[in-house]
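Engineer: Below are the sequence and a predicted model for it; my questions follow.
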Amino acid sequence: AAALKDAAGREAGMEPTEVDEYVHVVFGMSKDLCVSGLRVGCLYTKSQHVISALRNVSYFCGVPNPTQHALAALLDDTAWMKNFMETNFKKLKESRDAASAALAVAGIQHTRATAGLFLYADFTRVLKKHSRADEPTFEHERALFEALFKEARVLVTPGRDCHHPTPGWFRVCFAAVGVKSLEEAGRRLKRFIDAI
């Protein structure tokens, strides 16, 4: 947090102590620890305004004591955490590479992910072909999403659901399935696109 704060301060032309009010570190355990159902995270901030605002709502979103105890024990086991994080990182990288290759097989461009659990893929060409429209709409995007799911049996998230401003972009989650499933998804996408 200190390095982030110092960098942000230099960028804004402020002293590090002046930045304290504007730098907030948020950590969600659901993604990093693969415990999405628990919805547990933490916030580190020195901003009294943020602390005051959250104090008003935190009463309604407290983490149950048994969950706190279990996660504290998990985080205290540094040897296990180190092994888990290394293994998880390795598996996520393998899945990311497999998803990238699967999209390449189908001829779909995507953003290069260096972190996270998703790729953002450009299905614009597929959308135009599927909708037969020069200027596809979000309704066309929804129809493509449904066709990909029902016909190709591939589940992706439409860009509109991720607040993308133009139709045709889809979020591809590579963390939820194994490498073989991602490879099969690439073959299914290619068959679907070729059949349009």
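Structural biologist: That came in fine, so what should we check first?
Engineer: Name the next helix or strand downstream of the longest helix seen in the chain, please.
Structural biologist: When the chain is parsed with DSSP state H, its longest helix is helix 78-105. Per DSSP states H and E, the first helix or strand lying C-terminal to helix 78-105 is strand 109-110.
Engineer: Off-centre distance for that next one?
Structural biologist: Taking Cα atoms, centre = their mean, to the nearest Å, the mean C-alpha location of strand 109-110 is offset from the chain mean by 16 Å.
Engineer: Identify the neighbouring strands of that strand in the sheet and state each direction.
Structural biologist: strand 118-122 (antiparallel) (DSSP bridges).
Engineer: which helices and strands sit right next to the helix or strand following the strand it pairs with?
Structural biologist: Counting by DSSP H and E, the next helix or strand C-terminal to strand 118-122 is helix 124-131. Packed against helix 124-131 by the contact rule (3 or more Cβ pairs under 8 Å, 6 or more residues apart in numbering; DSSP states H and E) you find helix 138-147. Any C-beta I mention is one placed from the backbone N, CA and C, and that applies to glycine too.
Engineer: just to revisit the earlier point, and the longest helix of the chain, what's buried?
Structural biologist: 92, 95-96, 98-100, 102-103 (16 or more other Cβ atoms under 10 Å).
Engineer: Now distance to Phe84 too, for those residues, in CSV please.
Structural biologist: Output for these, formatted as CSV (distance: Cβ to Cβ, whole Å):
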residue, distance to Phe84
Leu92, 12
Ser95, 16
Arg96, 18
Ala98, 21
Ala99, 22
Ser100, 24
Ala102, 26
Leu103, 28
